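Chemist: The following block contains a protein sequence and its predicted model.
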Amino acid sequence: MTDQQQRYKDVRKVTLIGSSVDFVLGVAKIVTGWIVNSQALIADGIHSFSDLLTDFMVLYAAKHAHKEADEVYPYGYGRIETLATVSLGVVLAIIAIGIAYSALQRLNDPIVLMDFTLLALLVALASIASKEWIYRYTIAAARRLRSDMLRANAWHSRSDAFSSVVVLIGIAGVMLDYPYLDAVAAIVVAAMIAHIGLGLIRSSTRELIDTALDPEKVMTIRKHIHAVKGVRSTHTLRTRKSASNAFVDVHIQVDPRLSVSEGHQIGDAVRRRLIKHIDGVTDVTVHIDPEDDEAGSPCNNLPAREKIIAALKHCWPNLPSDTVEAVTLHYLAGGIDVELDLPIELLSHVDEAKQLVQELRSAVSPLSYINDVQVRFRI
């Protein structure tokens, strides 16, 4: 079983347990509210069923969001969780409007009264205890699985416990001959639901437009990058989130004279360190730079390798091309440093090396973009 499959299995187990409790509580509160004529208790029951709706959304989103990345979705299906959260927020906002509307109608209807019973009190107390337990059970799983969707569902469950506290306030109002406290309590419950819904919409929408991770986490990422030996500096550090996964793109500056393979090794060390030490980071893209090009590369207008080699051959007509073992070009500071690998057999005496290098440098002086020429004589 893969990690994704195990994670889906855990999310499903937690959600099914919570949905079972939500269903029982929703039925109990709505039936009891109808019997005792309690708008607040009925509203609280609807809130419990909204938790049940959340559970179904979580199950659906989890099933599809845990698919492995493929060619069509190379970053995976995690955004399905995000879309489900946005949809849930919209539904909760609509439910809140309906509850508030009904409560306002009750405030304008002095004929409708509520009869207090011990049953309503017991149901409200049972709801508080049950929903707090669901919250603690779900939030523990959310932390273990790094699931923002489960975390949102957990807080939704706890809000139901808070709304049950409001119902107790309404019941107390009836006991104290203030029956309208019941309708006021229903409005408070509606406000709670609306707050949750709008909060989910806001946070998930920010994720959909690739908002960066928290500044504290970005700072921690930067510190870990600088801790890798060979990294001189960083720039263009970008982060984004997709459900429980975080992605990092960064440019790191290394010694410009390093080989391509050593620069790659440093970049790979950065990638491994971030995935290992930063919770939630699952993919890192590292761009290797020989110099800081955040504001713009000074080498953008320089010719490509083919044109440079042709120009060098034109400047060095007496240097047989078959004797050149390698040409290395360093694009730095708006110019090019050239490194030549030549066989030592070209020299009849070691003292000729300095003269040959001077001749090669003088020959390329018409090429304004050539900063320097270095020669390595190989045995």
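Modeler: Received, thanks.
Chemist: ok, and for the helix or strand that contains A126, which residues are buried?
Modeler: Following DSSP states H and E, one finds A126 within helix 118-145. Residues 120-121, 123-124, 127-128, 130-132, 134-135, 137-139, 141-142, 145 are the ones in helix 118-145 that count as buried (16 or more other Cβ atoms under 10 Å). No exception for glycine: its C-beta is placed from N, CA and C like everyone else's.
Chemist: Can you give the distance of the helix or strand just after that helix from its chain's centre?
Modeler: Using DSSP H and E, the next helix or strand after helix 118-145 towards the C-terminus is helix 148-175. Chain-centre distance of helix 148-175: 29 Å, with Cα atoms, centre = their mean, to the nearest Å.
Chemist: The helix holding A126 - contacts with which helices or strands?
Modeler: When contacts are defined as 3 or more Cβ pairs under 8 Å, 6 or more residues apart in numbering; DSSP states H and E, helix 118-145 packs onto helix 3-36, helix 39-65, helix 148-175.
Chemist: Pretty sure I193 sits against S159.
Modeler: Yes: with contacts counted by Cβ atoms under 8 Å, I193 reaches S159, the gap being 7.2 Å.
Chemist: So between the two, which is more surrounded?
Modeler: Using other Cβ atoms under 10 Å, the more surrounded residue of I193 and S159 is I193, with 28 against 21.
Chemist: The residue nearest to that one when sequence neighbours are not counted and K313, how far apart?
Modeler: With Cβ to Cβ, 6 or more residues apart in numbering as the criterion, I193 has its nearest non-adjacent residue at 4.0 Å, and that residue is A96. Distance, A96 to K313, by Cβ to Cβ, to the nearest Å: 76 Å.
Chemist: between the two, who's got more neighbours?
Modeler: Comparing A96 with K313 by other Cβ under 10 Å, the one with more neighbours is A96, at 25 against 12.
Chemist: Run the chain-centre distance for whatever helix or strand that one lives in.
Modeler: Using DSSP H and E, A96 falls within helix 79-107. The chain centre lies 26 Å from the centre of helix 79-107; the measure is Cα atoms, centre = their mean.
Chemist: Mind giving me the packing neighbours of it?
Modeler: Where contact means 3+ Cβ pairs under 8 Å, 6+ apart, helix 79-107 is packed against helix 39-65, helix 148-175, helix 180-208.
Chemist: closest to L367 out of those helices?
Modeler: Among the helices and strands packed on helix 79-107, helix 180-208 comes nearest to L367, with 50.4 Å by Cβ to Cβ.
Chemist: Just after the closest one, pick out the following helix or strand.
Modeler: helix 215-226.
Chemist: averaged over its residues, what pLDDT does that next one have?
Modeler: In this model, helix 215-226 has a mean pLDDT of 95.
Chemist: Can you list the helices and strands that the helix or strand bottoming out on mean pLDDT in the chain packs against?
Modeler: Sorting the helices and strands of the chain by mean pLDDT, DSSP states H and E puts helix 148-175 at the bottom, at a mean of 72. Helix 148-175 is packed against helix 3-36, helix 39-65, helix 79-107, helix 118-145, helix 180-208, with contacts defined by 3+ Cβ pairs under 8 Å, 6+ apart.
Chemist: For E132, give me its contacts.
Modeler: E132 is in contact with 158, 161, counting by Cβ atoms under 8 Å, 6 or more residues apart in numbering.
Chemist: What number of residues are in the vicinity of the closest residue to R146 other than its chain neighbours?
Modeler: Counting by Cβ to Cβ, 6+ apart, S244 is the residue found nearest to R146 once chain neighbours are left out, at 4.5 Å. Other residues within reach of S244, judged by other Cβ under 10 Å, total 22.
Chemist: my guess is S244 contacts R144, does it?
Modeler: No: S244 is beyond contact range of R144, at 11.1 Å (criterion: Cβ under 8 Å).
Chemist: Cool, thanks, signing off.
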